[in-house]
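Engineer: any chance you could fold what I've pasted below:
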Amino acid sequence: MSTAHDTTGFTLDAHRLEHTALRTFRIAFGISGAAAIVIGIVLLIWPAHTLVVVAAAAGIYFAVTGIIRVVVAITATTTSTGHRILSIVLGLFLLAAGIIALRNLQVAAVTLVIVATAVIGIGWVIEGVLALAESRGPRSGWSITFGVLSIIAGIIVAVTPVWSAIWLLTFTAISLIILGIIAIIRAATLGRKARTERP
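Structural biologist: This next block holds a predicted model:
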């Protein structure tokens with residue numbers, strides 16, 4: 001049984017939105033699109049500086065997380081001694097990692113990108129192996145193809161992390177710019193037809 005307020009799942013229907021809600025969506029799309037374009041351009045023009053900022057944020061995060069873990073472990077007297085010791089050790093390790101990253105931002109940025117790229121490569125290899133292991137039956141051609149290509153791509157990325165990181169950063173920057181432009185177009189066109197149809 002349908003009602004007048006029946007919805008269509010997850011569809012964003014501008015005709016069903018009030019003026020305030022429509023304006024909120026348009027502002028959100030516009031701001032997110034502009035931010036994506038700016039970040040994409042910055043990442044494309046100044047990749048090294050952008051990575052340094054990311055490394056600094058990671059360093060601050062590790063340092064703060066480490067301090068919190070140590071403080072919680074010292075003050076949480078109801079937990080077991082073993083758990084508190086492990087938390088203190090982990091907290092000191094995170095704190096040290098954060099301080100080292102903040103004192104060597106350039107090295108931390110390069111290391112962060114290389115490690116992240118290598119992890120992606122290893123993940124693709126594992127995904128390819130799983131796809132091959134699961135490819136049984138008469139119609140497993142696509143699974144085998146995916147598995148082989150995933151393993152090859154993963155090995156290339158894991159063996160050449162620096163080149164792969166450069167490609168990944170460029171692809172990410174271009175994707176952000178394109179997605180940002182699309183978001184701004186959505187912000188400009190969302191509800192235009194609904195506005196013209198309303199009395």
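
Engineer: contact partners for residue 42?
Structural biologist: Contacts were defined as Cβ atoms under 8 Å, 6 or more residues apart in numbering; by that measure residue 42 touches 49, 50. The way it works is simple: take the backbone N, C-alpha and C, and place the C-beta from them, glycine included.

Engineer: okay, it: pLDDT?
Structural biologist: For residue 42, the pLDDT comes out at 87.

Engineer: which residue is the nearest non-sequential neighbour of the most centrally placed residue in the chain?
Structural biologist: Relative to the mean C-alpha position of the chain, the nearest C-alpha, by Cα atoms, centre = their mean, is the one of residue 172, at 10.4 Å. Across the structure, with Cβ to Cβ, 6 or more residues apart in numbering as the measure, the residue nearest residue 172 apart from its sequence neighbours is residue 43 (6.6 Å).

Engineer: from residue 33, how far out is that neighbour?
Structural biologist: The span separating residue 43 from residue 33 equals 16 Å under the rule Cβ to Cβ, to the nearest Å.

Engineer: which strand or helix spans the nearest residue to residue 155 once chain neighbours are set aside?
Structural biologist: Leaving aside its chain neighbours, residue 155 sits nearest to residue 125 (6.3 Å; criterion: Cβ to Cβ, 6+ apart). Using DSSP states H and E, the element containing residue 125 is helix 105-134.
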